[in-house]
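Engineer: just to be clear, the model below is a prediction. Sequence and coordinates:
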Amino acid sequence: MSRAGETVWEVFARKEYSEPLHHVGTVTEDDEDLAVVSARAIYDEQPWIHMIIVPRASIREAISA
Amino acid sequence: MSTVRLDPPTATMISLIGSLADNKSALGRRYGEWAVSAPTIESAVAAAAMAQDELGHARSTYPVLAKLGVERSEEPGLDAGHPMFVIAEELPDWASVIAANLVVDGVLTTFVATARESSIEPLAHRARKILQEEGAHRVHAEAWARRIARAGGSDLELLVRRVDEMWAQAARWPGPDSDPGYCEAIAAGMVSGGPLAIRDRVRDWLYPQVGGVSLDEPTDWSDWDPQRRQ
């Protein structure tokens, strides 16, 4: 559930650059910098070497069965 | 705790490093208490992460005192030492947490930055590690200040009041700029900047973050305790 007026960010990470990025979860923040801090704090259970966040609203579906 | 060497610069550094650890321990406790009460789950997790960082910094900073001849009979507990009064007890509201994040964390981290190339090698090593982790604290503080500024009204008024309350004590933590021990510590390469430089750097950073704050320069040092740094 998202909070009204706030952006949902999809979080992707990987442990090796030879691996693809995996979806690891979401964070809900209206501030981009806070979203980065939150993503790093929440999804810290693995020794990630790369993590990105993407606004859910920016994702475009290529297939939707 | 006992001290072996007590020349003025060493005594000043012992006071600064010991108090830095005391305040980081207290700050960690205060952040940790809000890990279950923050406004959002994301903020709660960030508060918990910052608490973990601060407690780790405290734990790793106390041993630096040994390099300066301080012998400790035992490891200090979580409530040890003499932290600033403004973070000695549970913080009353989220605005206080953000004010502590901005002001107390800001002053301590700015001091740590002056020790990045310290002639006290274990301190320099600790400083570089601490500064890496404090980057996220700074981002957190700036982002929450922006959020509260956007909200305006009573939220912003409370933050401004809390920032000035925290500043009234945190600004005194480095001490008077004319402190002879501090001046000698700078000359010896133990730190690269003095109290006034620390206050100026924090002030220059804080003014754009929170409009309307006073951040006055402390003037009355008559009751200042150089051991407790308050």
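Structural biologist: Thanks, I have it.

Engineer: for residue B:205, see how far away residue B:83 is.
Structural biologist: Residue B:83 is 22 Å from residue B:205, where distance means C-beta to C-beta, to the nearest Å. For the C-beta atoms, the positions are set from N, CA and C on the backbone; glycine is no exception.

Engineer: which one's more surrounded, these two?
Structural biologist: residue B:83 (26 against 15; other C-beta atoms under 10 Å in any protein chain shown).

Engineer: ranges for the strands of chain B?
Structural biologist: Applying DSSP state E to chain B gives strands spanning B:2-3, B:70-71.

Engineer: right, I mislabeled it, should have said chain A
Structural biologist: A:7-14, A:22-29, A:50-55.

Engineer: strand partners (parallel or antiparallel) of the first one?
Structural biologist: Strand A:7-14 sits in its sheet next to strand A:22-29 (antiparallel), strand A:50-55 (antiparallel), going by DSSP bridges.

Engineer: would you put the C-alpha positions of the shortest one in CSV?
Structural biologist: When you say that, I think you mean strand A:50-55. The C-alpha coordinates for strand A:50-55 follow below in CSV (Å, rounded to 0.1, in the frame of the first residue of the first chain):
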residue,chain,number,x,y,z
HIS,A,50,25.2,-2.4,-6.7
MET,A,51,21.7,-1.1,-5.9
ILE,A,52,19.4,1.1,-7.9
ILE,A,53,16.0,2.6,-7.3
VAL,A,54,13.4,3.3,-10.0
PRO,A,55,10.2,5.2,-9.6
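
Engineer: contacts for that strand, please.
Structural biologist: A:7-14, A:17, A:21, A:24, A:27, A:35-36, A:39-40, A:43 (C-beta atoms under 8 Å, 6 or more residues apart in numbering or on different chains).

Engineer: quick one: contacts for the most centrally placed residue in chain B?
Structural biologist: Centroid-nearest residue in chain B: residue B:108, 2.7 Å away (criterion: C-alpha atoms, centre = their mean). By C-beta under 8 Å, 6+ apart, the contact set of residue B:108 is B:20, B:23-24, B:27, B:173.

Engineer: try it again at 7 Å.
Structural biologist: B:20, B:23-24 (C-beta atoms under 7 Å, 6 or more residues apart in numbering or on different chains).

Engineer: and stretch B:92-99, which residues are buried?
Structural biologist: The neighbour-count check on stretch B:92-99 (16 or more other C-beta atoms under 10 Å in any protein chain shown) flags B:94-99 as buried.

Engineer: and that stretch, what's its mean pLDDT?
Structural biologist: Over the span of stretch B:92-99, the pLDDT mean works out to 97.

Engineer: close to chain A, is that stretch?
Structural biologist: No - using C-beta under 7 Å from any C-beta of the partner chain, we find that stretch B:92-99 stays clear of chain A, coming within 11.5 Å at best.

Engineer: pick the most deeply packed of the strands of chain A.
Structural biologist: Among the strands of chain A, strand A:7-14 has the highest mean neighbour count (mean count of other C-beta atoms under 10 Å in any protein chain shown), at a mean of 19.

Engineer: among the strands of chain B, show the one with the smallest mean pLDDT.
Structural biologist: When I compare the strands of chain B, strand B:2-3 is least confident, with a mean of 48.

Engineer: where in the chain is the helix or strand with the lowest mean pLDDT?
Structural biologist: Here I'm looking at chain A. In chain A, the helix or strand scored least confidently by mean pLDDT, DSSP states H and E is helix A:32-42, which has a mean of 92.

Engineer: list the contacts of the closest residue to residue B:136 other than its chain neighbours.
Structural biologist: Spatial nearest neighbour of residue B:136, chain neighbours left out: residue A:37 (5.3 Å); criterion: C-beta to C-beta, 6 or more residues apart in numbering or on different chains. Each residue near residue A:37 by C-beta under 7 Å, 6+ apart is listed here: B:46, B:136, B:139-140.

Engineer: for residue B:111, see how far away residue A:37 is.
Structural biologist: Taking C-beta to C-beta, one finds residue A:37 at 23 Å from residue B:111.

Engineer: now swap in residue B:35 and tell me
Structural biologist: 25 Å.

Engineer: what ranges does chain B have for its helices?
Structural biologist: B:8-33, B:41-61, B:64-67, B:94-99, B:105-113, B:121-151, B:153-170, B:180-187, B:195-209 (DSSP state H).

Engineer: all good on my end, thank you.
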